[in-house]
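Student: only the shape, not the letters, is given here:
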Ligand SMILES: CC(=O)SCCNC(=O)CCNC(=O)[C@H](O)C(C)(C)COP(=O)(O)OP(=O)(O)OC[C@H]1O[C@@H](n2cnc3c(N)ncnc32)[C@H](O)[C@@H]1OP(=O)(O)O
Ligand SMILES: N[C@@H](CCO)C(=O)O
């Protein structure tokens with residue numbers, strides 16, 4: 001499959017009914033979440049992937065907004081044929097609660113005052129962001145996630161998902177992040193906040209419609225941006241080059257290329273980001289701490305997903321040892337976890353830039369699919385000894401073409417299809433036991449899907465009951481579900 005672009009995409013908005021109670025106990029009367037979706041949700045609703053953005057990201061993860069020439073922030077890995085393959089998966093990304101790109105945040109009008117919240121907006125946490133995403137998924141009718149993924153603060157949200165909603169997540173891709181914010185990370189965030197709070201234009205957070213604290217916000221971004229780069233990448237990109245001059249001027253003007261670059265990053269940021277959101281989101285990052293009683297192992301005990309943890313060799317903001325702590329905690333909890341340290345000189349922002357390594361690693365992880373990842377749960381079954389008329393009605397009312405047949409003890413003893421029913425009616429059979437197939441081909445939750453697909457092909461059947469060790473039916477997998485998720489081999 002050739003890698004392609006999503007083309008033009010648009011942001012949508014979900015108004016979610018309140019009240020929405022935050023971790024702090026504060027209550028938002030209503031919330032709006034901006035989101036984008038790409039790809040198609042399959043019939044089983046089993047192929048949804050939620051992508052979570054970092055500090056300054058938004059819902060626009062891939063493709064182009066009409067009239068714009070820059071694609072979304074993770075276009076390198078999201079789209080047809082890419083790691084988050086929109087031909088296979090239904091990809092969702094939303095702007096975080098507290099953000100400034102369409103979701104409720106400090107720049108939103110408080111319905112109770114008719115004015116922007118500003119600094120009266122309550123402090124939000126990573127857990128609050130995740131709870132808002134859960135409400136969004138509910139509103140979209142998505143019952144579970146095939147995967148959740150993100151880098152940096154996006155990785156924090158993805159980790160939080162695995163403990164807040166462990167039964168809803170099959171796979172988690174956790175990149176360049178930590179299980180808890182460290183003093184060094186908090187320290188850099190505090191310098192950024194102080195720069196904003198000391199800007200007289202911040203005006204206690206009440207600056208909407210007036211001069212914005214652009215000076216403070218640009219300074220905050222400059223400090224932040226240094227932490228997203230690495231010593232090696234700065235050497236490689238700028239060295240000691242001077243900007244637009246041959247010799248130093250013995251003054252305090254902008255002289256080095258790196259200075260000019262940082263000013264550019266700071267200035268550009270003020271045109272796309274709200275200073276109050278910067279305060280709130282960095283606070284949410286600082287509060288992030290999944291340890292429980294001082295232990296990350298205990299804090300991650302509830303997680304059930306299969307994990308892929310990725311760190312970056314040159315990331316000194318979220319150094320690899322912090323990813324390794326997550327891996328150790330998960331391994332101690334006997335969770336399925338893979339770990340990879342990407343070799344890169346880009347520093348922390350490598351999670352946005354290393355498209356080759358990320359595409360290779362993530363697509364391999366996501367496409368190693370077992371039956372449990374794809375099967376439908378809560379399967380409609382029928383008891384042996386039933387009439388064909390009752391069986392036919394059950395199929396019609398539940399909208400299925402396959403009904404596993406159970407013994408009085410609830411064990412699988414046969415299977416009947418809508419085609420069997422059609423043949424039975426034509427031949428005037430009355431009882432299910434006369435027509436059901438007794439030698440049922442089955443699968444188990446941990447069998448790779450390609451093995452299950454081979455069984456279906458070999459027996460010319462389109463569904464397999466999934467059974468546990470006691471022959472109880474715990475799911476059903478269809479060739480349709482496999483083909484949507486495993487994808488086509490050719491374009
Ligand atoms: C989920 C999320 O994380 S979303 C947020 C991700 N997005 C951001 O962080 C937005 C800011 N973007 C960036 O910082 C970068 O684009 C990165 C880090 C994402 C990608 O890095 P790169 O592709 O290596 O871009 P680079 O860091 O070289 O920046 C290029 C910009 O710097 C400018 N620049 C480069 N050198 C200089 C210089 N000496 N003086 C002034 N400007 C300079 C370029 O003109 C270019 O400007 P533009 O972005 O306005 O077109
Ligand atoms: N550059 C990214 C990484 C921050 O963690 C951002 O601005 O969101």
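Tutor: Sure thing, it's come through. Small disclaimer: the values here were computed from a predicted structure and weren't measured. Ligands and ions are numbered 1, 2, ... in the order given.
Student: what's the burial count for residue 108?
Tutor: Neighbour count for residue 108, taken as other C-beta atoms under 10 Å: 20. C-betas here are computed from N, CA, C, even on glycine.
Student: name the nearest residue to it, sequence neighbours excluded.
Tutor: Nearest residue to residue 108, sequence neighbours excluded (C-beta to C-beta, 6 or more residues apart in numbering): residue 117, at 5.9 Å.
Student: for that neighbour, what are its contacts?
Tutor: For residue 117, the contact set (C-beta atoms under 8 Å, 6 or more residues apart in numbering) comprises 105, 106, 107, 108, 109, 110.
Student: can I assume the third one is in contact with residue 275?
Tutor: Right, residue 107. No: applying C-beta atoms under 8 Å, one finds residue 107 not in contact with residue 275, separated by 9.6 Å.
Student: who's more crowded, the two?
Tutor: Neighbour comparison, residue 107 and residue 275: the larger count goes to residue 275, with 29 against 18 (by other C-beta under 10 Å).
Student: pLDDT below threshold where in the stretch 51-200 of the chain?
Tutor: Counting by pLDDT under 70, not a single residue of the stretch 51-200 of the chain qualifies.
Student: the helices in it, which residues?
Tutor: 126-139, 153-164, 183-197 (DSSP state H, counting those that start in this stretch).
Student: nearest residue to residue 405 other than its sequence neighbours?
Tutor: In this structure, residue 405 finds its nearest non-sequential neighbour in residue 414, 3.8 Å apart by C-beta to C-beta, 6+ apart.
Student: can you name every helix or strand that the helix or strand harbouring residue 452 contacts?
Tutor: Residue 452 is part of helix 449-459 when elements are defined by DSSP states H and E. If contacts are counted by 3 or more C-beta pairs under 8 Å, 6 or more residues apart in numbering; DSSP states H and E, helix 449-459 sits against helix 371-374, strand 463-467, helix 479-486.
Student: can you add mean neighbour count and give the ones you listed back as CSV?
Tutor: What follows is the helices and strands packed on helix 449-459, written out as CSV (neighbours: other C-beta atoms under 10 Å):
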stretch, mean neighbour count
helix 371-374, 22
strand 463-467, 25
helix 479-486, 18
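Student: hey, least reliable of those by pLDDT?
Tutor: Confidence, taken as mean pLDDT, is least for helix 479-486 of those (a mean of 72).
Student: for ligand 2, what's its nearest residue on the stretch 301-450 of the chain.
Tutor: Proximity of the stretch 301-450 of the chain to ligand 2 (C-beta to the nearest ligand atom) peaks at residue 349, 5.1 Å away.
Student: residue contacts, the spatially closest residue to residue 97 that is not a sequence neighbour?
Tutor: Spatial nearest neighbour of residue 97, excluding adjacent residues (C-beta to C-beta, 6+ apart): residue 132 at 4.3 Å. When contacts are counted by C-beta under 8 Å, 6+ apart, residue 132 touches 16, 20, 31, 33, 94, 96, 97, 103.
Student: rerun at 7 Å
Tutor: Residues in contact with residue 132 (C-beta atoms under 7 Å, 6 or more residues apart in numbering) are 20, 31, 33, 97.
Student: can you tell me which two in those are farthest apart?
Tutor: Across the contacts of residue 132, the longest distance by C-beta to C-beta is 10.3 Å; it joins 20 and 33.
Student: end-to-end on stretch 394-409?
Tutor: Chord length of stretch 394-409, first to last residue, is 20 Å (C-alpha to C-alpha, to the nearest Å).
Student: whoops, stretch 80-93 was the one
Tutor: Using C-alpha to C-alpha, the end-to-end distance of stretch 80-93 comes out at 16 Å.
Student: got a list of contacts for it?
Tutor: For stretch 80-93, the external contacting residues (C-beta under 7 Å, 6+ apart) are 1-4, 6, 35-41, 47-51, 53, 59, 61, 77-79, 146, 358-359, 362-363, 366, 484-485, 487.
Student: which among the contacts of residue 132 gets closest to ligand 2?
Tutor: Set against ligand 2, the nearest of these by C-beta to the nearest ligand atom is residue 97 (15.9 Å).
Student: just confirm that closest one contacts residue 104, I think it does.
Tutor: Yes: the pair residue 97 and residue 104 qualifies as a contact (C-beta atoms under 7 Å) at a distance of 6.1 Å.
Student: hey, what's in contact with both of those two?
Tutor: In contact with both residue 97 and residue 104: residue 31, using C-beta under 7 Å, 6+ apart.
Student: can you list the residues of this protein near ligand 2?
Tutor: Of all the residues in the chain, those in contact range of ligand 2 (C-beta under 6 Å from any ligand atom) are 54, 55, 56, 57, 152, 153, 228, 349.
Student: now, those residues that are in strands?
Tutor: Judged by DSSP state E, strands contain none of these.
Student: nearest to residue 258, of the residues you listed?
Tutor: Taking C-beta to C-beta as the measure, residue 258 sits nearest to residue 228 out of those, at 13.4 Å.
Student: quick one: contacts for that closest one?
Tutor: By C-beta under 7 Å, 6+ apart, the neighbours of residue 228 are 317, 347, 348, 349.
Student: tabulate the residues you listed (CSV), appending neighbour count, distance to residue 423 and pLDDT.
Tutor: Output for the contacts of residue 228, formatted as CSV (neighbours: other C-beta atoms under 10 Å; distance: C-beta to C-beta, whole Å; pLDDT from 0 to 100):
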residue, neighbour count, distance to residue 423, pLDDT
317, 23, 65, 98
347, 25, 65, 98
348, 25, 63, 98
349, 22, 62, 98
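Student: return the member of those nearest to residue 196.
Tutor: residue 317 (19.3 Å).
Student: you'd agree the closest one is in a strand?
Tutor: No: counting by DSSP: H, G, I helix; E, B strand; the rest coil, residue 317 is not part of a strand but coil.
Student: quick check: it vs ligand 1, distance?
Tutor: 12 Å (C-beta to the nearest ligand atom, to the nearest Å).
Student: ok, that residue to residue 346 distance?
Tutor: Distance of residue 317 to residue 346, computed by C-beta to C-beta, to the nearest Å: 12 Å.
Student: residue 263 too?
Tutor: Relative to residue 346, residue 263 is positioned 21 Å away (C-beta to C-beta).
Student: higher neighbour count, these two?
Tutor: residue 346 (22 against 14).
Student: can you report phi and psi for the residue in the chain sticking out farthest from the centre?
Tutor: The centre of the chain is farthest from one residue, residue 428, which by C-alpha atoms, centre = their mean lies 52.4 Å away. Backbone torsions of residue 428, given as degrees, to the nearest 10, read phi 60, psi 30.
Student: look at it and report its pLDDT.
Tutor: Residue 428 is assigned a pLDDT of 88 by the prediction.
Student: and the residue of the chain found nearest ligand 1, how many residues sit next to it?
Tutor: Of all residues in the chain, the one sitting closest to ligand 1 is residue 57 (2.8 Å; C-beta to the nearest ligand atom). Residues near residue 57, counting by other C-beta under 10 Å, number 24.
Student: returning to that earlier point: what about the residue nearest to residue 405, helix or strand, and which?
Tutor: For residue 414, the element it lies in under DSSP H and E is strand 412-417.
Student: chain center to that strand, what's the gap?
Tutor: 37 Å (C-alpha atoms, centre = their mean, to the nearest Å).
Student: quick one, the helix or strand following that strand and strand 412-417 angle?
Tutor: Using DSSP H and E, the helix or strand that follows strand 412-417 in sequence is helix 418-426. Orientation check (axes from the mean of the first three to the mean of the last three C-alpha atoms, to 10 degrees): helix 418-426 against strand 412-417 gives 80 degrees.
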